[in-house]
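> Got a predicted model here, sequence first, then my questions.
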Amino acid sequence: MPFNCDERGVVNRPIRATHVTLTAAAVNLTLSLGKLAAGAISGSAALVADGVHSLSDLVTDAVVLAGVRCSRRPADESHNYGHGKVETLASVAVGGILAVVALGIMVDGVQGILTAARGEPLAAPSLAALVVALVSIAAKEALFRYTRAAGRQLDSPALLANAWHQRSDALSSAAVAAGVAGATLGGESWRVLDPLAAAVVALLI
């Protein structure tokens, strides 16, 4: 019998939601560390920004876990109908965190664009950054489909919000891949695409 089910074979909602979110957290941690390291080594501002974005996912994963766990608590004097709406509030918190992260990434991207506009040279990222971005696209898209399927099965707004967060990561990694490819292969005049991709990441978020 799958460990996500109870003794009757029925899906245990809290255990299933926790398992899905912990899986997402493990993937996000691996991707964030990989992108931050590759971005720093290759000199890609866009990949570093994407790594920070993935790192922020760990925070949202924690919010979802807290929301799912709290929603299991039974009704009490101050919550006559239980704590189920806490999970909905957790999904709102995910949106708030995303907005803050987007602002920080946008500031960094604009600074790089202004540097290029002043005629100051920008370093060209290496092809390793492009490879990492492509791997991130595939991993995040798979994680989106996995989390969305669980969110629909469990009718969990927090899981569904987190799933779309994973999709935004896949899109941001696609923007990063395009920017890194242009900055690496297009020559010095195209290196502004790297910080421009960082700004696009913020818009997608």
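Thanks, I have the structure now.

> following whichever strand or helix holds V135, which helix or strand comes up?
Taking DSSP states H and E as the definition, V135 sits inside helix 127-154. Heading C-terminal from helix 127-154, the first helix or strand you meet, by DSSP H and E, is helix 157-185.

> Could you check how far that following helix is from the centre of its chain?
Relative to the chain's own centre, helix 157-185 is displaced by 8 Å; criterion: Cα atoms, centre = their mean, to the nearest Å.

> That helix packs against which elements?
Contacts defined by 3 or more Cβ pairs under 8 Å, 6 or more residues apart in numbering; DSSP states H and E place helix 157-185 against helix 13-42, helix 45-71, helix 85-117, helix 127-154, helix 193-204. To be clear about C-beta, it is placed using only N, CA and C from the backbone, and glycine gets the same treatment.

> And that helix, what's buried?
157-184 (16 or more other Cβ atoms under 10 Å).

> again with stretch 23-43
For stretch 23-43, using 16+ other Cβ under 10 Å, the buried residues are 24-25, 27-28, 31-32, 34-36, 38-39, 42-43.

> Make TSV out of the helices and strands packed on helix 157-185 and add mean pLDDT.
Conversion of the helices and strands packed on helix 157-185 to TSV gives the following (pLDDT from 0 to 100):
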stretch	mean pLDDT
helix 13-42	84
helix 45-71	72
helix 85-117	77
helix 127-154	90
helix 193-204	83
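
> Tell me the spacing between the nearest residue to S173 once chain neighbours are set aside and G95.
In space, and not counting its chain neighbours, S173 is closest to S136: 4.1 Å by Cβ to Cβ, 6 or more residues apart in numbering. S136 sits at a distance of 22 Å from G95 (criterion: Cβ to Cβ, to the nearest Å).

> Show me which of those two is the more surrounded one.
Using other Cβ atoms under 10 Å as the criterion, S136 and G95 rank with S136 on top: 28 against 12.

> wait, what's in contact with that one?
By Cβ atoms under 8 Å, 6 or more residues apart in numbering, S136 lies in contact with 31, 34-35, 50, 54, 169-170, 173, 176.

> Pipe the residues you listed into TSV and attach distance to E120 per row.
Output for the contacts of S136, formatted as TSV (distance: Cβ to Cβ, whole Å):
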residue	distance to E120
L31	31
G34	29
K35	25
D50	23
S54	29
D169	30
A170	32
S173	27
V176	22
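
> Closest one of those to R118?
Nearest to R118 among the contacts of S136: V176, at 23.4 Å, using Cβ to Cβ.

> Could you measure from that closest one over to V131?
12 Å.

> same thing with L114?
29 Å.

> And A198, by the same measure?
In terms of Cβ to Cβ, A198 sits 18 Å off from V131.
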